[in-house]
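J.: This is the structure alone, sequence omitted:
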Ligand SMILES: Cc1ncc(COP(=O)(O)OP(=O)(O)O)c(N)n1
Ligand SMILES: Cc1ncsc1CCOP(=O)(O)O
Ligand SMILES: [Mg+2]
């Protein structure tokens, strides 16, 4: 089988074990890959070196099995030790030139950028890809100012190396980021924090593919779902969008999707696929 060029990646999934208590890292990341994540990063800010090495070895094996590039965040020694495909660094991490010297010419080196100036500097310095973000405020990187879709537009117009939009991206705002010119999306909480990472990744990939075809942003195709036993055609792709479309936003509701209750905090990322079955129970306040 011909090996895919890693530059063709569309959906970048990053680990965050704190978002999936009770579910294993490998189980969650394998689901993400099965749903269409085509590059994976190990990011574990509070992990010990031993934990990092253990998880990096396991993810190296998993990603190799699926032919998906594996990147390690921050820790160049761990990337080297486990034979990762590359490493990712921020503006305050190891300088790009030093990382290149240590990892060699074939490693994939990613750099976070928060402005076009930083993007062009990373490009000149030999980065293989850059992160553009955080596009929106995000609890995954608290305190970091959002660059907004204004910087996504600038990147789309000016950056020649692969770049990926990151930060606060969910199924509810993915189309906005794609409409600003992104062709690759990265998400942490929206993927690994969802009970069904494969479904979320499939939904992200569908949005990315639709944007690439120049379709879907203004007039998404309808899917058929079953709501309380009744078939509904809808353009909604998340529980939140469906609740809004049914005029139930702000109401006291319990939502069950395919037999599983979806917590209100997860409505924005709970993806709807064609054929999904929902039960919506609306409580009317009493006196
Ligand atoms: C793909 C991607 N983009 C950006 C980042 C953030 O890196 P950094 O700014 O160094 O912040 P930390 O992730 O280290 O907290 C990333 N990891 N991946
Ligand atoms: C690591 C990182 N760098 C910029 S934003 C971000 C966090 C993205 O996480 P989420 O997708 O949960 O907002
Ligand atoms: Mg970093």
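T.: In hand now; what should we look at? Everything numeric here is computed off the predicted structure, so don't read it as measured data. Ligands and ions are numbered 1, 2, ... in the order given.
J.: for the residue lying closest to residue 244 once chain neighbours are set aside, what are its contacts?
T.: Once flanking residues are discounted, residue 244 sits nearest to residue 236: 7.5 Å by Cβ to Cβ, 6 or more residues apart in numbering. For every residue, glycine as well, the C-beta is placed using N, CA and C. Neighbour list for residue 236: 225, 242, 244, 245, 272 [criterion: Cβ atoms under 8 Å, 6 or more residues apart in numbering].
J.: change it to 6 Å
T.: With contact set as Cβ atoms under 6 Å, 6 or more residues apart in numbering, residue 236 has these partners: 242, 245, 272.
J.: what helix or strand does the first one sit in?
T.: Here residue 242 is covered by helix 239-245, with elements defined by DSSP states H and E.
J.: by contact count, what packs against the following helix or strand past that helix?
T.: Next helix or strand after helix 239-245 toward the C-terminus (DSSP H and E): strand 253-257. Judged by 3 or more Cβ pairs under 6 Å, 6 or more residues apart in numbering; DSSP states H and E, strand 253-257 is in contact with strand 277-282.
J.: buried residues in the strand it packs on?
T.: By neighbour count, with 16 or more other Cβ atoms under 10 Å as the criterion, the buried positions of strand 277-282 are 278, 280.
J.: Run me through the strand neighbours of that strand, direction for each.
T.: Strand 277-282 has the following sheet partners, assigned by DSSP bridges: strand 223-227 (parallel), strand 253-257 (antiparallel).
J.: what's the most buried one of those strands?
T.: Here the criterion is mean neighbour count by mean count of other Cβ atoms under 10 Å, and of the strands paired with strand 277-282 the winner is strand 253-257, at a mean of 18.
J.: circling back: just the buried ones out of the contacts of residue 236, please.
T.: The neighbour-count criterion (16+ other Cβ under 10 Å) marks 242, 272 among the contacts of residue 236 as buried.
J.: need the contacts of residue 236 in a markdown table with pLDDT and distance to residue 88, can you?
T.: Supplementary listing: these in a markdown table, determined by pLDDT from 0 to 100; distance: Cβ to Cβ, whole Å:
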| residue | pLDDT | distance to residue 88 |
| --- | --- | --- |
| 242 | 89 | 35 |
| 245 | 83 | 38 |
| 272 | 87 | 32 |
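J.: Out of the contacts of residue 236, which is nearest to ligand 2?
T.: Proximity to ligand 2 was ranked across those by Cβ to the nearest ligand atom; first place goes to residue 272, at 20.0 Å.
J.: how about the closest one, what does it touch?
T.: The contact partners of residue 272, by Cβ under 6 Å, 6+ apart, come to 225, 236, 237.
J.: ok, of the residues you listed, which one's closest to residue 76?
T.: Distance to residue 76, by Cβ to Cβ, is smallest for residue 237 among the contacts of residue 272, at 38.3 Å.
J.: Which parts of the chain belong to which domain?
T.: 6-212, 223-281 (automatic domain parsing).
J.: Let me have those in a markdown table, adding distance to ligand 1 as columns.
T.: Conversion of these to a markdown table gives the following (distance: least, Cβ to the nearest ligand atom, whole Å):
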| stretch | distance to ligand 1 |
| --- | --- |
| domain 6-212 | 2 |
| domain 223-281 | 19 |
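J.: Deepest-packed of these, please.
T.: Mean neighbour counts were compared across those using mean count of other Cβ under 10 Å; the top stretch is domain 6-212, at a mean of 19.
J.: Mean pLDDT lowest where, among the strands paired with strand 277-282?
T.: If you rank these by mean pLDDT, strand 223-227 sits at the bottom with a mean of 90.
J.: ok, the contacts of residue 272 vs residue 103, which is closest?
T.: The nearest member of the contacts of residue 272 to residue 103, counting by Cβ to Cβ, is residue 237 at 38.3 Å.
J.: wait, what's in contact with the closest one?
T.: Residue 237 sits next to 171, 203, 272 when contact means Cβ under 6 Å, 6+ apart.
J.: okay, those in JSON lines with secondary structure next?
T.: JSON lines is the format used below for the contacts of residue 237 (DSSP: H, G, I helix; E, B strand; the rest coil):
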{"residue": "171", "secondary structure": "coil"}
{"residue": "203", "secondary structure": "helix"}
{"residue": "272", "secondary structure": "coil"}
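J.: If anything else comes up later, I'll come back, but that's it for now.
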